Every structure is written in structure tokens, then in C-alpha cells.
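[1] Test case, fold it:
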Amino acid sequence: MQYVHLMSQPAKSPRTSTRSDAPESAAGTRAAAQRLKMRRELAAAAMELFATKGYEATTVDEIAATAGVARRTFFRHFRSKEEAIFPDHDDTLVRAEAVLNAAPPHEHPLDTVCRGIKEVMRMYAASPAVSVERYRLTREVPTLREREIASVARYERLFTRYLLGHFDERDHTDGNDDPLLAEVAASAVVTAHNHVLRRWLRAGGEGDVEGQLDHAFAIVRDTFGTGIGAGRAMGRAPLPAAATARATGDVLVTVARTDAPLEEVMRTIQRALKDA
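    Prediction:
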């Protein structure tokens, strides 16, 4: 498949605000904040009851009463009690998608995906104690574990669509592995994130989780970053990589496009020095 050089669609220009727009926008922001606050309060009530009474013995009415709201209020925010302990996934998915939509044109799409999934990690890291307790509950209750798996699948679908969107889907030339690599790379990013997240949660939410995540992403980039979009279709010359390097004796020669991201150039140099 042909690699699309415009690696991301520019973010839509915001409509110029008028006097009548400002109050409406502010009201929308307040409503979203109040909605998230209520979802978190319901989630805290659910987790408290699950921990003390057990998941099976806890009812929606009890969760609503503990949170100080009516049953109908609970169902305005969640469809079931197992959904109640994941209050932030919807909003985090929106933020991750916003990262993808606002990606600069020169950025490698795999780097963009890595930045996007960091929004998920930040959601967990914002409340370590809550995240650790939620992890314990999902290990003990199969229904909650299934709900968590379904939430993770939404992120993977988002990132897979994004990576596949950078290739000409009408190009079905034999020997082109780009669609396969795009899907595998998206899965690898999610798997790397989940591996680091589980390790951090098992450690009680202690440690530099973002640094560990960057290390895991570097491995994914080194494995898949130079392959995606390299133009391996048979009978077609490969597109130039972001940067190439060749070591001869004590001299290292590096060639890079002027729009290549600095981190990609540095990774290329590091690989060349390692192989020299």
C-alpha cells in the first residue's frame, strides 16, 4: 500500500466565537465537568460496596443510595453496576482521539499513537490508590475483567483505524505488508501499555510509570517504526525512510529529510552506532 505523506489530518479550525457562543461553551464545559464528577462519585460508591459486601451482593439501589442520588440518576450515567467502576474511559477515549486528530504532519503515525495512549496511562496515574483497588477488583470478579477487556479493545480499534488510515486501501499489490504491520503495531502499542500498567499496579502504583512506558514504546518503535509505510509492494522502489545512517571506520554518515522528527533521527543514529 502507498504511504500517505500527509500523516495526519489537520485539526479543524475552531469557529470564531461570538458573544452568544461564549456562555453556551462555558455552560457545556460546566455540564461535562459535573457529569464526570457524578460518574466518579458513583464509581467510588460502587468500589466501596464491592470491597465490603462483594460484587454479587451489591445492588444498583445500594450504589445510588451510598452516593446520595436516586436510582434513575445512576442509570443516566451507567447502564449496569459493572460499568460503574470505569467512569473515565469514555472521556479518555475522546482525549486520545483528539491527540490523533491534532498530530503534526511531520510526525510518524506510530509516534502519534504512542502519544495518544499516554492519555490512558495518565488517567490511571491520576488516582493511584483508586487504580490499584480497581485492579484488585477486576482480578477477583470475572464480569469486571470482561468489562475492562472491552474498554481496552476500544482503544486498540481507534489506533488501528488511525494507522490504517495512512495507507491507500485500494492498493492490494501482492507482497505489501503495510496493512498487517499497521494492525500488529497498534496491538503492540496497546500490549506495551498494558504490560507497563499491570507492572505498576502490582507495585501498588509506585514508580516512574511514564518513564517505563517511554522505554516500552521505544522498543515498539524500533521493531515496527521503520517498517510501516516503507513501500514493500513488489515492483515498486521503497520510499525513503525518515533517516538513514551508515558507519565506516570511525565515521558515521547520516542522511535525513529536513522534516524528519529529531527523535527519529536520533534513534537511527543510535541503531547505526550499535550495529557498527
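[2] Can you give me the buried ones in the helix or strand Ala150 falls within?
    Assigned by DSSP states H and E, Ala150 falls within helix 142-164. Buried residues in helix 142-164, counting neighbours by 16 or more other C-beta atoms under 10 Å, are found at 144, 147-148, 151-152, 155-156, 158-160, 162-164. The C-beta positions use only the backbone N, C-alpha and C, and glycine is treated the same way.
[3] can you tell me which of these lies nearest to Leu49?
    Leu144 (13.0 Å; C-beta to C-beta).
[4] give me the number of residues near the closest residue to that closest one other than its chain neighbours?
    In this structure, Leu144 finds its nearest non-sequential neighbour in Thr138, 4.6 Å apart by C-beta to C-beta, 6 or more residues apart in numbering. Per other C-beta atoms under 10 Å, the neighbour tally for Thr138 reads 20.
[5] now Thr138: how far from Ser187?
    According to C-beta to C-beta, to the nearest Å, Thr138 and Ser187 sit 21 Å apart.
[6] Pass me the low-pLDDT residue ranges in this structure, would you?
    1-25, 167-175, 225-268, 271-276 (pLDDT under 70).
[7] Can you show me the helices along it?
    Under the criterion DSSP state H, the chain carries helices at the ranges 21-53, 60-67, 71-77, 89-101, 109-125, 128-140, 142-164, 178-202, 209-220, 262-275.
[8] Which elements pack onto the fifth one?
    The criterion is 3 or more C-beta pairs under 8 Å, 6 or more residues apart in numbering; DSSP states H and E, and the helices and strands that helix 109-125 contacts are helix 89-101, helix 142-164, helix 178-202, helix 209-220.
[9] Any chance of these in JSON lines with distance to Ala27 as columns?
    Below are the helices and strands packed on helix 109-125 laid out as JSON lines (distance: least, C-beta to C-beta, whole Å):
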{"stretch": "helix 89-101", "distance to Ala27": "18"}
{"stretch": "helix 142-164", "distance to Ala27": "28"}
{"stretch": "helix 178-202", "distance to Ala27": "35"}
{"stretch": "helix 209-220", "distance to Ala27": "34"}
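[10] Which among those helices is found nearest to Glu119?
    The nearest among the helices and strands packed on helix 109-125, by C-beta to C-beta, is helix 89-101 at 4.5 Å.
[11] I'd like to know how many residues surround Gly165.
    Neighbours around Gly165, by other C-beta under 10 Å: 15.
[12] I meant Asp208, not that one.
    Residues lying near Asp208 (other C-beta under 10 Å) number 10.
[13] And Ser131, by the same measure?
    With other C-beta under 10 Å as criterion, Ser131 counts 17.
[14] residues contacting the closest residue to it other than its chain neighbours?
    Leaving aside its sequence neighbours, Ser131 sits nearest to Tyr124 (C-beta to C-beta, 6+ apart; 4.4 Å). By C-beta atoms under 8 Å, 6 or more residues apart in numbering, the contact list for Tyr124 reads Ser131, Leu197, Trp200, Leu201.
[15] What distance do you get for Tyr124 to Thr66?
    Distance of Tyr124 to Thr66, given as C-beta to C-beta: 23 Å.
[16] Next: Arg76.
    17 Å.
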